[in-house]
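coordinates only, sequence not included:
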């Protein structure tokens, strides 16, 4: 009882501190954007990110989500705010004054404070998420066999290696191939043959993706492989042990990509130089921050009617199979009409364009909704369609963190909608083929 009371006091103190710091900082930033305030907020954001990792330390899936968010926020804080020499000077010179930089980091800060407050149950009882999925051992040979084939077909249709040494292309269709990995694994009945098949496929495609100088495209498959097929092998302590290798790999690929002569001119010493000069930052996060900054500036210059039109296009795009009829369906692509950047988008800033700082809270609520869905699925026996759907959708949320945090929130909206359509189709195929098998068995009797 004393321990419970202490936990309640801790929560109350954390909640009070969060609210006070939130409103005081918001008031200060709104009235006086200056370098010192911005730096303080950026450092506190990294601390909050690490605290979220600590909160979810007993669950590998959620820990990986918070760890990627923390590394992204660290890269932005160090590479954009603390050491301005790291950020690409020419592109960042487009953004005027401290006001834009203050709003950007403030959105990330509000998101993290909101997500921390929404995690109060997990702070009180962190062990409540220390559980393994109680999934039904479902097996459908057709789905289990066809899914790897579709996964490979989609990969090969979208995989490119540019002869000039630049990064290979990436498309939305290629992004959605993880759907077939999740569906195929779920209906594999935990058979080892499919475990080995998927492991080989993921290793080969990941190597090819790295050769093409992409990084984010490989994350979903690796994360799902770890959380679904190897949950007992990769615990949180082992992940932390491998973290230095992961950081070196991320920095190395960034150095390889930025080399003016990637084949003949790249030297291993560049890896060490890049690690030291860039202070372990991930340049993908720094580049993804640029379109978010551009949209902040465009928000004050865009008429309300135009904002409503863009919002309507987003809604149509979420629920329409295929293109929404516009080449500027995301704020990232739309902002390229006015600013030079390399796509991407740090998601806590995305909804600022329409809703101001409330947009960061909206994104926190969206993330918390899927986090709650994941915890629900982890504690349920997968017997009914709604439980199965909850599990599959939440796994998409876990393994696709690099996409929905660093490329805008569309994977949590449109991606989830398309995945639910596939879940319904897979359930229909499973129902039909299972019924046929039962009928055939009955005839044999």
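Arrived safely. Fair warning: this is a prediction, and the values are worked out from it, not measured in the lab. Numbering: from 1, shown residues only.

Can you verify my assumption that residue 201 contacts residue 149?
No - counting by Cβ atoms under 8 Å, residue 201 stays clear of residue 149, with 10.1 Å between them. In this view, the C-beta of every residue, glycine as well, is placed from N, C-alpha and C.

what about these two, which has more around it?
For residue 201 versus residue 149, neighbours defined as other Cβ atoms under 10 Å are more numerous around residue 201 (18 against 11).

so which helix or strand takes in that one?
helix 192-211 (DSSP states H and E).

And the average pLDDT for that helix is what?
Across helix 192-211, pLDDT averages out at 90.

what's next to it, contact-wise?
Here helix 192-211 makes contact (Cβ atoms under 8 Å, 6 or more residues apart in numbering) with 144, 148, 151-152, 155, 159, 161, 168, 181, 184-185, 188, 215, 217-218, 221-222, 225, 229, 253.

Give the other helices and strands that the following helix or strand past that helix contacts.
Per DSSP H and E, the first helix or strand lying C-terminal to helix 192-211 is helix 219-224. If contacts are counted by 3 or more Cβ pairs under 8 Å, 6 or more residues apart in numbering; DSSP states H and E, helix 219-224 sits against helix 178-186, helix 192-211, helix 385-399, helix 401-406.

sorry, back to before: need the residues touching each of residue 201 and residue 149.
Common neighbours of residue 201 and residue 149, counting by Cβ under 8 Å, 6+ apart, are absent.

out of the helices and strands packed on helix 219-224, nearest to residue 235?
Closest approach to residue 235 among those (Cβ to Cβ): helix 385-399, 15.5 Å.

about what we covered before: any chance of a PyMOL selection covering the buried ones in the contacts of helix 192-211?
Those of the contacts of helix 192-211 that count as buried under 16 or more other Cβ atoms under 10 Å are selected in PyMOL with:
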select buried, resi 144+148+151+155+159+168+181+184+185+188+215+217+218+221+222+225+229+253
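
Can you check which of the helices and strands packed on helix 219-224 gets nearest to residue 269?
Ranking the helices and strands packed on helix 219-224 by proximity to residue 269 (Cβ to Cβ) places helix 192-211 first, at 19.9 Å.

buried ones in the closest one?
Counting neighbours by 16+ other Cβ under 10 Å, one finds that the buried residues in helix 192-211 are 194-195, 197-198, 201-202, 205-206, 208-210.

want to throw the residues you listed into a markdown table with distance to residue 91?
Converted to a markdown table, those look like this (distance: Cβ to Cβ, whole Å):
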| residue | distance to residue 91 |
| --- | --- |
| 194 | 45 |
| 195 | 44 |
| 197 | 43 |
| 198 | 39 |
| 201 | 37 |
| 202 | 34 |
| 205 | 31 |
| 206 | 29 |
| 208 | 29 |
| 209 | 25 |
| 210 | 25 |
